[in-house]
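Undergrad: Here's a sequence, model it:
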Amino acid sequence: MKALARRMLWTLGLAIVVIAAGVAAAVAWWPRAPRGVPPDLVPASWATFRASPGHRVHVDKGGVECRDCHDVEREGFKNPGTAMCRKCHAKEATLGHHGGTAELATDCTTCHVFAPDRQPKACIDCHRDTHGKSQGVTTHATADCMKCHRLHESPATLTTACAECHEERAPAHAAHEGSHGCADCHASHAPAAAADATCSSCHAQPAGPHPAGHDKCSGCHQPHDFKAGGESACMRCHGEKTTFAAAQVPAHAVCTSCHTPHDPASAASSCVGCHAGVHVDHGEAPAASACVTCHAPHRDDPKQIATSCTSCHGKVAAFDTGAHAGGITCERCHQPHEFSGLDRRAICARCHERQVQLVSTNTGHALCDSCHGAAPQHTLSKPPACGGCHQKELATITPGHETCQRCHDPHAGEPTPACATCHATESSGPHGSIKGGCQDCHRAHGPAGLASPPACTTCHAQSNLPALHAASGHTNCASCHATPHAPPKADRATCTGGCHADKRDHQPGAAACTGCHVFRR
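TA: Residues are numbered from 1 along each chain as shown. From the prediction side, this is the model:
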């Protein structure tokens, strides 16, 4: 029973407290009559107006008297206008919100309501639509405007307030002098995507940047820490690329080794950064981009070092080993990076060292071009006839010697084979071993040498010949020596056939007269 009694008393006490609080609130809310104003000047609607938000703040909470705003004696309780506000709120009037256009001009009473039939407008009531330079609020339309805006303060917008709602963002991009934080890129009420268009306001160089396919900075850069995405960012759009010699050259596997992010198309000129020692003199392409004319950066086969020469030089041959003598690659003659200013003699010597050495002492044949033409020898042709240069030799050629190469090596010039190669019989005859050789009596062609064989007596003077050579009737060499290259004839038929007919029956058993009649000592 005692516990029940205590509980009842506690409940009764609580009810008395609640009722008292309600009465106090009602008394506080109920407007008190205007003080110091004659009753006949107080309108019947005073209580209704006193209940408006503006009057309750000024009169009930601020203790403002009616006469402080209203000229009661002269105008009664007529609306005094906003000029009275400046008496107490000069700062707020100066920093107030004055609207965006003439049609939407605002004053104190736009937001601070003193009439009983009006409610204070929410910011979005006016800012839902675009007014002049002020865009309609879409982003943050449901947020409490007062978290970011202070209408009667300077600055009116608190950019630091962004982190209260967006604490997951780390705006390291704004960590620089003069930064306004998020507002550097984001307009408060614009969509986040609109920030992409603001990059160039600070990053004018590189201009844009707008290389083809890279229209938005945020495609590669993380907006709030502004770090480039590295290779992963490139691959998001370009995928895995097969890159030239990437297995042997690790730098080739890194996109930014060649491609400048804000000027990716200039990659062709980046080769010189690593290959400064390679002088490129090939084709008509600018030296800065000549490398990629032969070395395709992203070919299907990464093992292929260079593009086939004949892919550009199809008129030379159908494939890279089809020119000159066949089976010889273009690089045997042409240095890929120094294609012009060729030392033709040095090039020929790579394969024709012996021939180049031989012509070095052969006057008139020292240059390969003399016989093989001045144009690049991509298609071999016969050398011109020797007579084109050696016209005197051609005019004096001895029959049987019309083919120059039978005696002359084209590169050495001097006759290399012995006459015996063709004239074996003559070389084994009586004159085959003379000191001067065949040239003492013969020439293959002029203008040097003897035009015809000299008389026998040039070498064989009659007075010096032994034995029967001095006998009368033996002075004509041809009588016994039918040819210079055969031994003399001393058989019975020769001697008795013409000169010694009377001796035909002399010693019929002797076949040759020289057995007894000697011509040698």
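Undergrad: And for Cys312, the neighbour number?
TA: Residues lying near Cys312 (other Cβ atoms under 10 Å) number 13. (C-beta placed from N, C-alpha, C; glycine too.)
Undergrad: hang on, it packs against Gly283?
TA: Yes - at 7.4 Å, Cys312 counts as touching Gly283 under the criterion of Cβ atoms under 8 Å.
Undergrad: Report the set of residues contacting both of the two.
TA: Residues touching both Cys312 and Gly283 by Cβ atoms under 8 Å, 6 or more residues apart in numbering: Thr293.
Undergrad: residues near Cys441, how many?
TA: Residues near Cys441, counting by other Cβ under 10 Å, number 19.
Undergrad: Distance check, it against Thr139.
TA: 117 Å (Cβ to Cβ, to the nearest Å).
Undergrad: Quick check: bridge partners of Thr260?
TA: Counting by DSSP bridges, Thr260 forms beta bridges with Asp263.
Undergrad: Roughly how far does the most centrally placed residue in the chain sit from Cys516?
TA: In the chain, the centroid-proximal residue (Cα atoms, centre = their mean) is Ala268; its distance is 1.1 Å. Going from Ala268 to Cys516 by Cβ to Cβ gives 103 Å.
Undergrad: Also Val42?
TA: Val42 is 193 Å from Cys516, by Cβ to Cβ.
Undergrad: ok, now Gly509?
TA: 12 Å.
Undergrad: And Arg344, by the same measure?
TA: In terms of Cβ to Cβ, Arg344 sits 73 Å off from Cys516.
Undergrad: neighbour count winner among the two?
TA: Arg344 (15 against 9).
Undergrad: Just list the residues touching that one, thanks.
TA: 368-369.
Undergrad: ok, it to Ala374 distance?
TA: Arg344 is 9 Å from Ala374, by Cβ to Cβ.
Undergrad: number of nearby residues for Ala478?
TA: Quick note: Ala478 (other Cβ under 10 Å) scores 9 neighbours.
Undergrad: do the same with the one 5 residues further on
TA: Look at Thr483: counted by other Cβ under 10 Å, it has 11 neighbours.
Undergrad: Kindly report the same for Ala448.
TA: Residue neighbour count, defined by other Cβ under 10 Å, stands at 10 for Ala448.
Undergrad: Tell me which helix or strand comes right after the lowest-mean-pLDDT helix or strand in the chain.
TA: In the chain, the helix or strand scored least confidently by mean pLDDT, DSSP states H and E is helix 2-29, which has a mean of 56. The helix or strand immediately downstream of helix 2-29 is helix 46-50, counting by DSSP states H and E.
Undergrad: gap between that next one and the chain center?
TA: 82 Å (Cα atoms, centre = their mean, to the nearest Å).
Undergrad: which strands and helices sit next to that helix?
TA: Contact partners of helix 46-50 among helices and strands, from 3 or more Cβ pairs under 8 Å, 6 or more residues apart in numbering; DSSP states H and E: none.
Undergrad: Please identify the buried residues of the helix or strand just after that helix?
TA: Next helix or strand after helix 46-50 toward the C-terminus (DSSP H and E): helix 53-55. Buried residues in helix 53-55, counted by 16 or more other Cβ atoms under 10 Å: 54-55.
Undergrad: if we look at helix 53-55, which residues are touching it?
TA: Residues from elsewhere that reach helix 53-55 (Cβ under 8 Å, 6+ apart): 31, 49, 109, 112-114, 120.
Undergrad: Let's see if you can find the most crowded of those.
TA: Phe114 (19 neighbours).
Undergrad: who's in contact with that one?
TA: 49, 52-55, 79.
Undergrad: In terms of distance to Ala385, which of these ranks first?
TA: Nearest to Ala385 among the contacts of Phe114 is Pro53, at 120.8 Å by Cβ to Cβ.
Undergrad: ok, now how distant is the closest one from Ala83?
TA: Pro53 is 20 Å from Ala83, by Cβ to Cβ.
Undergrad: Quick one: low-confidence residue ranges for the stretch 101-250 of the chain.
TA: For the stretch 101-250 of the chain, applying pLDDT under 70 flags the ranges 101, 159-161, 168, 170, 174, 205-213, 226-232.
Undergrad: So which residues of it form helices?
TA: 108-111, 123-127, 162-165, 199-202, 230-238 (DSSP state H, counting those that start in this stretch).
Undergrad: export those to TSV and tack on distance to Asp68?
TA: Listed next are the helices of the stretch 101-250 of the chain as TSV, based on distance: least, Cβ to Cβ, whole Å:
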stretch	distance to Asp68
helix 108-111	15
helix 123-127	29
helix 162-165	38
helix 199-202	49
helix 230-238	66
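Undergrad: Ranking those by mean neighbour count, which comes first?
TA: Mean neighbour count, computed with mean count of other Cβ atoms under 10 Å, is highest for helix 108-111 among those, reaching a mean of 17.
Undergrad: thought Cys389 was touching Thr363?
TA: No - contact criterion Cβ under 8 Å: Cys389 and Thr363 do not qualify, at 11.1 Å.
Undergrad: Contacts only, for the residue nearest to Gly387 when sequence neighbours are not counted.
TA: Among residues not flanking Gly387 along the chain, Leu394 sits closest, at 3.7 Å (Cβ to Cβ, 6 or more residues apart in numbering). Shown in contact with Leu394 (Cβ under 8 Å, 6+ apart): 386-387, 445.
Undergrad: list the contacts for Thr379?
TA: 323-324.
Undergrad: Pairing partners for it in the sheet, please.
TA: His324.
Undergrad: Model confidence score at it, please.
TA: Each residue has a pLDDT score; the one for Thr379 is 84.
Undergrad: picking that back up, the more surrounded of Cys389 and Thr363?
TA: Using other Cβ under 10 Å, the more surrounded residue of Cys389 and Thr363 is Cys389, with 13 against 7.
Undergrad: how much space between that one and Cys348?
TA: 19 Å.
Undergrad: same deal with Thr329?
TA: For Thr329, the distance to Cys348 - Cβ to Cβ - is 16 Å.
Undergrad: okay, these two: which has more neighbours?
TA: When neighbours are counted by other Cβ under 10 Å, Cys348 comes out ahead of the other of Thr329 and Cys348, with 19 against 12.
Undergrad: Excluding sequence neighbours, find me the nearest residue to Ala486.
TA: In space, Ala486 is closest to Gly429, 5.8 Å off (Cβ to Cβ, 6+ apart).
Undergrad: where does the host helix or strand of the residue nearest to Gly387 sit relative to the chain's centre, distance-wise?
TA: If you go by DSSP H and E, Leu394 is part of helix 391-395. Chain-centre distance of helix 391-395: 60 Å, with Cα atoms, centre = their mean.
Undergrad: Over to stretch 158-178?
TA: That offset, for stretch 158-178, works out to 40 Å (Cα atoms, centre = their mean).
Undergrad: do stretch 120-140 as well
TA: For stretch 120-140, the distance to the chain centre is 51 Å (Cα atoms, centre = their mean).
Undergrad: Tell me which residues of it come out buried.
TA: Quick answer for stretch 120-140 (16+ other Cβ under 10 Å): 123, 126-127, 137.
Undergrad: Can you show me the CA trace of it as PDB?
TA: Only the C-alpha atoms of stretch 120-140 are listed here, as PDB (Å, rounded to 0.1, in the frame of the first residue of the first chain):
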ATOM      1  CA  PRO A 120       9.100  32.600 -44.600                       C
ATOM      2  CA  LYS A 121      10.200  31.400 -48.000                       C
ATOM      3  CA  ALA A 122      12.700  28.600 -48.300                       C
ATOM      4  CA  CYS A 123      15.800  29.400 -50.400                       C
ATOM      5  CA  ILE A 124      14.800  26.800 -53.000                       C
ATOM      6  CA  ASP A 125      11.500  28.500 -53.600                       C
ATOM      7  CA  CYS A 126      13.400  31.200 -55.500                       C
ATOM      8  CA  HIS A 127      16.500  29.200 -56.500                       C
ATOM      9  CA  ARG A 128      14.800  26.300 -58.100                       C
ATOM     10  CA  ASP A 129      15.000  28.200 -61.400                       C
ATOM     11  CA  THR A 130      17.800  30.000 -63.200                       C
ATOM     12  CA  HIS A 131      17.800  33.800 -62.600                       C
ATOM     13  CA  GLY A 132      20.300  35.800 -64.500                       C
ATOM     14  CA  LYS A 133      23.800  34.500 -63.700                       C
ATOM     15  CA  SER A 134      22.500  32.400 -60.900                       C
ATOM     16  CA  GLN A 135      21.900  28.900 -62.200                       C
ATOM     17  CA  GLY A 136      19.000  26.900 -60.900                       C
ATOM     18  CA  VAL A 137      19.900  24.700 -57.900                       C
ATOM     19  CA  THR A 138      19.800  21.000 -58.800                       C
ATOM     20  CA  THR A 139      22.800  19.500 -56.900                       C
ATOM     21  CA  HIS A 140      22.300  20.100 -53.100                       C
END
